[in-house]
Each structure stands twice: as C-alpha cells, then as structure tokens.
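[1] For reference, the sequence and a predicted model appear below.
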Amino acid sequence: MSSDTTTPRPDRRSLSSAARLYAVQALFQMEAAGQSAERVTREFQNYRIDAEDRDGPTSAADEDLFARILDDAVTWQSRIDQATDRALVARWPIDRIDPVLRAMFRSAGAELVAAKAPPKVVISEYVRLTEAFFPDGKEPKFVNAVLDHIARELRPEAF
C-alpha cells in the first residue's frame with residue numbers, strides 16, 4: 001500500500017454528474033439574479049467548480065460539459081421551454097413552476113437538443129438530481145414524466 005496522500009481524480013461519470021448539478025445551479029442563478037450566461041459561467045469556473053469555499057473543497061466537474069449545457073440552454077431556451085410547456089399540464093406553463101425545476105428542465109433540455117448523451121441517461125441523471133433537491137417530494141416522478149415527454153419530442157429516433 002502506498003503512502004501517497006493525493007486524492008484520486010473522480011471518474012468520468014462523477015465529473016459529468018457534477019457538471020449537471022453546477023449547470024442547474026448556474027441556470028437558476030442566471031434567472032434569479034438576472035445575470036448573463038457569460039458572467040455566471042466565469043464565476044462557476046473561477047470560484048465554484050473544484051474550488052475551496054467556507055465548507056471545504058467543492059466537487060470537480062467536466063467543465064466542458066458544464067459550459068456546453070449552459071451555452072445550449074441559452075441558445076435553445078425558446079425551443080426547450082416550448083417543448084417543456086407541451087409536456088406540462090396546460091394550466092401549468094413553465095413560467096409558473098418552481099424555478100429549480102425550470103432550471104432542471106432547461107439543463108436537461110439542452111442536453112437533449114445537443115444529442116450527445118442518450119436520452120435515457122439524461123433523464124435518469126436529472127431525476128437523480130431532482131431527488132437530491134427534493135428528497136421527500138413528488139418532484140422526481142414529475143421530472144421523469146416531463147423529461148420523457150420532452151425527449152420523445154426532441155429525439156424520437158432514440159425511442
């Protein structure tokens with residue numbers, strides 16, 4: 001056994017999961033504070049991702065995936081929001097739902113539009129994130145249903 005005290009790098013899946021979490025947080029912050037994607041991306045890359053804060057070190061993340069999700073969410077926001085609206089019950093348009101869920105749908109929608117990861121992976125990752133934000137609620141089942149609808153609309157060839 002080695003006496004090396006260096007911490008091993010997280011695996012690719014952990015880095016991707018962290019990138020998705022940071023993307024949801026960044027999209028939430030952009031909306032809540034009215035900040036630009038560029039400003040929030042820079043803040044996360046300089047001060048939040050794999051950084052030291054008052055609670056200790058923060059998680060490393062796939063920064064390319066993080067930046068791509070934010071960029072695609074901004075670029076395709078109208079398309080993503082329209083697909084989300086169609087997946088929601090008519091009386092609950094996207095602007096009336098919880099802002100964390102809205103950030104979740106936009107982040108997942110960006111990945112579905114980009115078509116780099118299989119829809120089932122995107123859906124399961126964001127349902128898992130929703131469980132972290134809402135551990136005792138019905139939100140994970142809601143997110144699963146909405147993302148399944150969005151994925152079937154945006155990526156029908158994958159089903």
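    Done, it's in.

[2] Note down every partner strand of the lowest-mean-pLDDT helix or strand in the chain and its orientation.
    Within the chain, confidence by mean pLDDT, DSSP states H and E is lowest for strand 52-53 among all helices and strands, at a mean of 84. Within its sheet, strand 52-53 is paired with strand 56-57 (antiparallel), according to DSSP bridges.

[3] residues in contact with the partner strand?
    50, 51 (Cβ atoms under 8 Å, 6 or more residues apart in numbering). The way it works is simple: take the backbone N, C-alpha and C, and place the C-beta from them, glycine included.

[4] Pull the distance from it to the chain's centre.
    How far strand 56-57 lies from its chain's middle: 22 Å, per Cα atoms, centre = their mean, to the nearest Å.

[5] Could you list every helix and strand that the host helix or strand of residue 85 packs against?
    Per DSSP states H and E: residue 85 is located in helix 77-87. Judged by 3 or more Cβ pairs under 8 Å, 6 or more residues apart in numbering; DSSP states H and E, the packing partners of helix 77-87 are helix 99-114, helix 139-154.

[6] Just give me the neighbour total for the closest residue in space to residue 51 that isn't next to it in sequence.
    Nearest non-adjacent residue to residue 51, counting by Cβ to Cβ, 6 or more residues apart in numbering: residue 58, 5.1 Å away. Neighbours of residue 58 under the rule other Cβ atoms under 10 Å: 16.

[7] Contacts made by the lengthiest helix in the chain with the rest, please.
    Counting by DSSP state H, the longest helix found in the chain is helix 12-33. The contact list for helix 12-33 (Cβ under 8 Å, 6+ apart) reads 10, 35-37, 40-41, 44, 48-49, 59-63, 65-66, 69-70, 73, 99-100, 102-104, 106-107, 110-111, 125-126, 128-129, 132.

[8] If anything else comes up later, I'll come back, but that's it for now.
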